[in-house]
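Engineer: Pasting the sequence and the predicted coordinates here, then a few questions.
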Amino acid sequence: MTFKALFVLLPGIQMLSVQPDTKPKGCAGCNRKIKDRYLLKALDKYWHEDCLKCACCDCRLGEVGSTLYTKANLILCRRDYLRLFGVTGNCAACSKLIPAFEMVMRAKENVYHLDCFACQLCNQRFCVGDKFFLKNNMILCQTDYEEGLMKEGYAPQVR
Ligand SMILES: [Zn+2]
Ligand SMILES: [Zn+2]
Ligand SMILES: [Zn+2]
Ligand SMILES: [Zn+2]
């Protein structure tokens, strides 16, 4: 074994210097031989510095400060991992946790279960393109929103 660890970038990724007399390793990313002076070792495989990248955004993971996450045979950067697999948060309607993988609806900084995303007064569901309103953190359909405004004494703006 003639690789020596230069430094551990992160738990999971090591940068190794390749001794010239070594038989080149195959890169797990592009399957070509690695003839560079340095290579990356991650997940018990060897990689070109350029080949170890996020499956989503193509950012290079061999760079200091990046973090490698794997799941379901995907190699991902932290951002994409969290986006895809992280816990999404709590549903703003039922306040239960929304597990990773689940489709969510987003309104401003709130997330909702797909099933919970309905007018919280009349339960009307929204289709893509439908108008909805967010008032006191409640989702409202246009009718209920405007009714609420009228009760408060504000007439809806008629244009
Ligand atoms: Zn490669
Ligand atoms: Zn990424
Ligand atoms: Zn919910
Ligand atoms: Zn409604």
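Structural biologist: Looks like it came in fine. Ligands and ions are numbered 1, 2, ... in the order given.
Engineer: give the contact list for K71.
Structural biologist: For K71, the contact set (C-beta atoms under 8 Å, 6 or more residues apart in numbering) comprises 81, 84-85. Every residue, glycine included, has its C-beta placed from N, CA and C.
Engineer: could I get these as JSON lines with pLDDT?
Structural biologist: Shown next, in JSON lines, are these (pLDDT from 0 to 100):
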{"residue": "Y81", "pLDDT": "79"}
{"residue": "L84", "pLDDT": "75"}
{"residue": "F85", "pLDDT": "73"}
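Engineer: In CSV: these, plus neighbour count and secondary structure.
Structural biologist: Below are these laid out as CSV (neighbours: other C-beta atoms under 10 Å; DSSP: H, G, I helix; E, B strand; the rest coil):
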residue, neighbour count, secondary structure
Y81, 20, helix
L84, 16, helix
F85, 16, helix
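Engineer: how does this structure divide into domains?
Structural biologist: Following the TED database, the chain resolves into domains at 14-84, 89-153.
Engineer: Pick the most deeply packed of those domains.
Structural biologist: Mean neighbour count, computed with mean count of other C-beta atoms under 10 Å, is highest for domain 14-84 among the domains of the chain, reaching a mean of 16.
Engineer: and the residue nearest the centre of the chain, what are its phi and psi?
Structural biologist: Nearest residue to the geometric centre of the chain (C-alpha atoms, centre = their mean): R83, 1.5 Å. R83 has phi and psi values of phi -60, psi -40 when expressed as degrees, to the nearest 10.
Engineer: among the domains of the chain, which is nearest ligand 2?
Structural biologist: domain 14-84 (3.0 Å; C-beta to the ion).
Engineer: what about that closest one, how long is it end to end?
Structural biologist: From its first residue to its last, domain 14-84 covers 25 Å (C-alpha to C-alpha, to the nearest Å).
Engineer: before we move on, what about stretch 124-144?
Structural biologist: Termini of stretch 124-144 sit 10 Å apart (C-alpha to C-alpha).
Engineer: State the three-state secondary structure for Q19.
Structural biologist: coil (DSSP: H, G, I helix; E, B strand; the rest coil).
Engineer: quick revisit: and the residue nearest to the centre of the chain, what pLDDT?
Structural biologist: Looking at R83, its pLDDT stands at 75.
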